[in-house]
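Trainee: Sharing a sequence plus its predicted fold:
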Amino acid sequence: MLLRRVYKQHRWLASHVKFLSTQKSSIDIKVDNDGIAILNLQRPPVNSFSMDFLKELSKSLDFVENNKITAMILTSAFPRVFSAGLDINEVYKPDAVRFKEFWTTLQEVWMKLFGARFITAAAINGQSPAGGCLMAMSCEYRVMIKGTFTIGMNETSLGLIAPTWFMELVKNTINVRDAEYAFTTSRMFTPEEALKVRLIDEIAADKDDAIAKCKRFIKKFDEITPSARINTKMKLRGPAIKKLQNTRQEDTEEIYQLVIHPDTQKVAIFQLYSSPVSANPAIITGYDPMEVCIENCAQCKKMLGAWFEGQLCAESCIKYRGKMIPDCENYASISPFLNKL
Ligand SMILES: CCCCCCCC/C=C\C=C\CC(=O)SCCNC(=O)CCNC(=O)[C@H](O)C(C)(C)COP(=O)(O)OP(=O)(O)OC[C@H]1O[C@@H](n2cnc3c(N)ncnc32)[C@H](O)[C@@H]1OP(=O)(O)O
């Protein structure tokens, strides 16, 4: 078996992966007995893509490529989230230079993953919105575990427009009509729905089963000449990579302009302050009534949970330009956003 032969050559890797698996590392790499690298993403709390995390992912992909490992499976070390996509902290009030470096890094990682010479598969073991979905879609095979998790492109709900290369990728994976509907409406798919439109390839019972199914896919290539596989993949994927290589600056500028748009920033601040830790109306950057209003919405959402329509509250802040700031302890001020009463 081809994979077994390759593994013999790379048995020593098990001892060499430690440098990527230190306690501080956000990615744990293990090369199994078949010579397949399993990348467990473990950046708390939700594997969101910060600049550092992307750089680590980039190094991990280099590691797999440079050591001529035949296949890689991407999965999450967390039980409920595969990846939450872009780290909102990179998007909220971004510094222009840093954001552009961030986006350039992201483009690089995507090109490495999408254009990897090794076989790639994703064992999606939890929520996978936006960038999390893109990461999985960039692999050659996707297995998602059953449950209440969803996957999809929710960028428009955040005021964002997905990059063109992401749209192209989705259009080439599911049909154009489903892609347009999913992108424009920010539709999130259950595993069953995702399978129906071929956003994913299989459903698994749990993470172990998902990894086993990914391995079964990888094993198919035992019977295929490696150079034929690689060159075919490159022929199919090369043009999309070349297209991005030729338009990287425009892509970065377009996303930056989108991210700094006030409407996107309002959504970003709402997401950020939805965290119980950071929800502190006293910490604000200058007095912007709309900002205070949205922060308070996030605070009330944390206090009242499903009873409180946080997004509706934030939208009302934008609509009335922060003139009606909700006070979570004042029933009258929050009653328009309470449900189930
Ligand atoms: C190939 C390489 C990678 C390529 C990436 C390409 C990306 C570019 C392409 C497309 C562009 C995409 C745009 C985006 O990705 S924007 C981000 C979109 N993400 C979301 O909208 C997800 C928001 N989060 C959630 O929906 C949930 O948190 C969920 C992931 C479903 C998990 O839910 P749950 O288990 O209930 O956990 P909590 O909501 O309580 O969250 C736990 C803590 O995690 C923090 N969090 C959540 N999401 C993010 C995030 N995106 N960035 C930073 N932090 C995040 C949340 O605030 C909680 O924090 P704390 O514990 O402090 O309260």
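Mentor: Arrived safely, thanks for sending.

Trainee: so for the longest helix seen in the chain, what's the average pLDDT?
Mentor: In the chain, with assignment by DSSP state H, the single longest helix is helix 226-246. For helix 226-246, mean pLDDT rounds to 97.

Trainee: contact partners of it?
Mentor: With contact meaning Cβ atoms under 8 Å, 6 or more residues apart in numbering, helix 226-246 is reached by 2, 70, 107, 110-111, 114-115, 117, 119, 140, 165, 168-169, 172, 221, 251. Backbone N, C-alpha and C define where each C-beta goes, glycine included.

Trainee: show me which of these neighbour the ligand.
Mentor: residue 110 (Cβ under 6 Å from any ligand atom).

Trainee: Check the contacts of helix 226-246 for burial and list the buried ones.
Mentor: 70, 107, 110-111, 114-115, 119, 140, 165, 168-169, 221, 251 (16 or more other Cβ atoms under 10 Å).

Trainee: So which residues of the stretch 1-150 of the chain form strands?
Mentor: 27-31, 36-41, 71-76, 119-124, 128-129, 141-145 (DSSP state E, counting those that start in this stretch).

Trainee: As JSON lines, those with distance to residue 243 and mean pLDDT would be great.
Mentor: Output for the strands of the stretch 1-150 of the chain, formatted as JSON lines (distance: least, Cβ to Cβ, whole Å; pLDDT from 0 to 100):
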{"stretch": "strand 27-31", "distance to residue 243": "28", "mean pLDDT": "97"}
{"stretch": "strand 36-41", "distance to residue 243": "26", "mean pLDDT": "98"}
{"stretch": "strand 71-76", "distance to residue 243": "24", "mean pLDDT": "98"}
{"stretch": "strand 119-124", "distance to residue 243": "20", "mean pLDDT": "98"}
{"stretch": "strand 128-129", "distance to residue 243": "25", "mean pLDDT": "96"}
{"stretch": "strand 141-145", "distance to residue 243": "23", "mean pLDDT": "98"}
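
Trainee: will you turn these into a markdown table that also has distance to residue 198?
Mentor: A markdown table is the format used below for the strands of the stretch 1-150 of the chain (distance: least, Cβ to Cβ, whole Å):
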| stretch | distance to residue 198 |
| --- | --- |
| strand 27-31 | 28 |
| strand 36-41 | 24 |
| strand 71-76 | 19 |
| strand 119-124 | 14 |
| strand 128-129 | 15 |
| strand 141-145 | 9 |
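
Trainee: Of all these, which one is nearest residue 161?
Mentor: The minimum distance between residue 161 and the strands of the stretch 1-150 of the chain falls on strand 128-129, with 15.2 Å, by Cβ to Cβ.

Trainee: what's in contact with the closest one?
Mentor: Here strand 128-129 makes contact (Cβ under 8 Å, 6+ apart) with 81-85, 135-136, 144, 149-154, 188.
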